[in-house]
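In: 3D model of this:
(one chain, ligands or ions: 1)
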Amino acid sequence: MPEGDTVFLTAHRLHEALAGKTLTGGEVRHPRLAAVTFAGRLVTEVVPVGKHLFVRFDDDRSLHSHLRMDGSWHLYAPGERWRMPGHHARVVLVAADREAVGFRLHDLDLVPRAREGRYVDRLGPDLLVPQWTPAHQAEAERRLAARPDRAFGLALLDQSVVAGIGNVYVNELCFLVGTSPHAPVSDVPEYVRGEVLAKARELLWDNRLRVARTTTGSTARGSRHWVYDRARRPCRRCGTPVATTRLGDEPEARTSWFCPRCQPAP
Ligand SMILES: [Zn+2]
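Out: Below is the predicted model of the structure:
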């Protein structure tokens, strides 16, 4: 799964490229949407909500998509050769000076804007709203506490608790507060849960326009993460080799990286 900041940056780039422009062509390569045409339609805005992306048009319709594990959007100059095979393309949006191509997109749908909620109503507070308020924070804390027996790492991944966190941030956030991702939510003190959510907002917001995400503050290659994807390398705090575990039930389980000394098992 992409992190919320990846979806945010994708939407930002699409918005910069297409908003306010009238499309000259385009299509959706999905059986149910094969008859849809975009020629003559004006793109009003491109908006991320959690990990969902909406391209909104002037006829009040909204094109929904989700990147899941493997989706991506590319921008090209007219006639430029695509960097992925054409048979992976799901959406093509053509403006006079730009072409946006969505590869391996999931959950494609074209809905009236008023019905976007079917995809996002169940989400927890979106960590990348322009203003993260105490009300957002309190609601996220309430949702996090609702299932006290669940593993803390899994609760953070649940988009109905808080929207935007993926596996990279789960690993990094658990390290930052010295908690095992396997610890039950109830074992994590309330103030630490609050810290994690505030930190999640801070990190995602700081990274929302960055290509190379950093959670350590360093942008140098190889030093951008505390534990994520650092198996057997020394913990940046205590030098203990970073270990891995599986979080969740197979086949959906994720690999988690953690420091056995800084984040003792429950
Ligand atoms: Zn350590």
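In: Give me every residue in this protein lying close to the ion.
Out: Applying C-beta under 5 Å from the ion, one finds that the chain approaches the ion through 235, 237-238, 240, 259, 261-262. The way it works is simple: take the backbone N, C-alpha and C, and place the C-beta from them, glycine included.
In: Please indicate which of these has the highest neighbour count?
Out: Among those, residue 259 has the most neighbours (other C-beta atoms under 10 Å), with 24 neighbours.
In: need the contact list for it.
Out: With contact set as C-beta atoms under 8 Å, 6 or more residues apart in numbering, residue 259 has these partners: 175, 227, 235, 237-238, 240, 242-243.
In: For it, report the pLDDT, please.
Out: The score at residue 259 is 98. That number is its pLDDT.
In: Backbone dihedrals for it, please?
Out: Dihedral angles of residue 259 (phi, psi; degrees, to the nearest 10) stand at phi -100, psi 120.
In: This protein: strands as residue ranges?
Out: In the chain, the segments counted as strands under DSSP state E are 25-28, 43-49, 52-57, 61-66, 72-76, 89-94, 99-103, 106-112, 243-247, 254-258.
In: Format those strands as JSON lines; extra columns: mean neighbour count.
Out: Output for these, formatted as JSON lines (neighbours: other C-beta atoms under 10 Å):
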{"stretch": "strand 25-28", "mean neighbour count": "19"}
{"stretch": "strand 43-49", "mean neighbour count": "21"}
{"stretch": "strand 52-57", "mean neighbour count": "22"}
{"stretch": "strand 61-66", "mean neighbour count": "20"}
{"stretch": "strand 72-76", "mean neighbour count": "17"}
{"stretch": "strand 89-94", "mean neighbour count": "21"}
{"stretch": "strand 99-103", "mean neighbour count": "23"}
{"stretch": "strand 106-112", "mean neighbour count": "15"}
{"stretch": "strand 243-247", "mean neighbour count": "17"}
{"stretch": "strand 254-258", "mean neighbour count": "21"}
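In: Save the ones you listed as CSV, and put in distance to residue 211 too.
Out: Output for these, formatted as CSV (distance: least, C-beta to C-beta, whole Å):
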stretch, distance to residue 211
strand 25-28, 26
strand 43-49, 16
strand 52-57, 18
strand 61-66, 21
strand 72-76, 13
strand 89-94, 22
strand 99-103, 18
strand 106-112, 23
strand 243-247, 26
strand 254-258, 22
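In: wait, which of the ones you listed is closest to residue 196?
Out: With C-beta to C-beta, the closest approach to residue 196 among the strands of the chain belongs to strand 254-258: 14.5 Å.
In: Domain ranges for the protein, per the record?
Out: Per automatic domain parsing, the structural domains of the chain span 4-120, 134-258.
In: In a markdown table: these, plus distance to residue 266.
Out: Converted to a markdown table, the domains of the chain look like this (distance: least, C-beta to C-beta, whole Å):
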| stretch | distance to residue 266 |
| --- | --- |
| domain 4-120 | 27 |
| domain 134-258 | 4 |
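In: Residue 232 versus residue 18, what's the distance?
Out: Counting by C-beta to C-beta, to the nearest Å, the gap from residue 18 to residue 232 is 44 Å.
In: so what pLDDT did residue 69 get?
Out: Reported pLDDT at residue 69 in the predicted model: 89.
In: Give me the phi and psi for it.
Out: phi -80, psi -30.
In: Please give the number of neighbouring residues around the closest residue to it other than its chain neighbours.
Out: Sequence neighbours aside, residue 1 is the residue nearest to residue 69 in space, at 6.3 Å (criterion: C-beta to C-beta, 6 or more residues apart in numbering). Neighbour count of residue 1, defined by other C-beta under 10 Å: 17.
In: Please apply the same query to residue 97.
Out: Per other C-beta under 10 Å, the neighbour tally for residue 97 reads 10.
In: Please name the residues that touch it.
Out: 21, 77-78.
In: And for residue 109?
Out: 33, 63-64, 119.
In: What of residue 179?
Out: By C-beta under 8 Å, 6+ apart, the contact list for residue 179 reads 152, 188, 192, 196, 263.
In: Please consider this matter closed, and thank you.
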